[in-house]
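Chemist: Kindly generate the corresponding structure for this input.
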Amino acid sequence: MERSKLIAILTGAISVILAIAYLIVVQLLDYRDMKPAPISQVISPPAITISHWQVDKITQI
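Modeler: Next up is the predicted model:
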């Protein structure tokens, strides 16, 4: 019984240490200054436009 208690306490301590380390890493990553990409580097797909007369042609078919 004594050995299983020791293993449980050790496992719990490791879990708490990992949780604290995770929180520290998340805080460090969140602290960074994130700047958006310049507009010239953003690749946007071309817009597809359709005019009114083309819609009428499509609906007549």
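
Chemist: can you give me the helices for this protein?
Modeler: With DSSP state H as the definition, the chain shows helices at residue ranges 2-31, 52-60.

Chemist: For these, which has the smallest mean pLDDT value?
Modeler: Comparing mean pLDDT across these, the lowest value falls on helix 52-60: a mean of 58.

Chemist: Quick check: residue 31 vs residue 25, distance?
Modeler: 11 Å (CB to CB, to the nearest Å). (C-beta placed from N, C-alpha, C; glycine too.)

Chemist: Show me which of these two is the more surrounded one.
Modeler: Legend: neighbour count by other CB atoms under 10 Å for residue 31 and residue 25, higher for residue 25 (10 against 7).

Chemist: can you pull the contacts of that one?
Modeler: Taking CB atoms under 8 Å, 6 or more residues apart in numbering, we find residue 25 in contact with no residue.

Chemist: what's the distance between it and residue 38?
Modeler: Using CB to CB, which is the criterion applied here, residue 25 is 29 Å from residue 38.

Chemist: One more: residue 29?
Modeler: In this structure, residue 29 lies at 22 Å from residue 38, with CB to CB as the measure.

Chemist: same deal with residue 7?
Modeler: Looking at residue 7 against residue 38, where the rule is CB to CB, the gap reads 54 Å.

Chemist: Compare these two (neighbour count), which wins?
Modeler: Set side by side, residue 7 and residue 38 give different neighbour counts by other CB under 10 Å, the larger being at residue 7 (10 against 7).

Chemist: Tell me who's in contact with the more buried one.
Modeler: By CB under 8 Å, 6+ apart, the contact set of residue 7 is empty.

Chemist: Could you number the chain from 36 rather than 1 from now on?
Modeler: That works, and once the first residue is 36, the last one we named lands at residue 42.

Chemist: Residue 62: how many residues sit nearby?
Modeler: Using other CB under 10 Å as the criterion, residue 62 is surrounded by 9 other residues.

Chemist: I'd like the distance between residue 62 and residue 56.
Modeler: For residue 62, the distance to residue 56 (CB to CB) stands at 11 Å.

Chemist: err, residue 45, not the other one
Modeler: Taking CB to CB, one finds residue 45 at 16 Å from residue 56.
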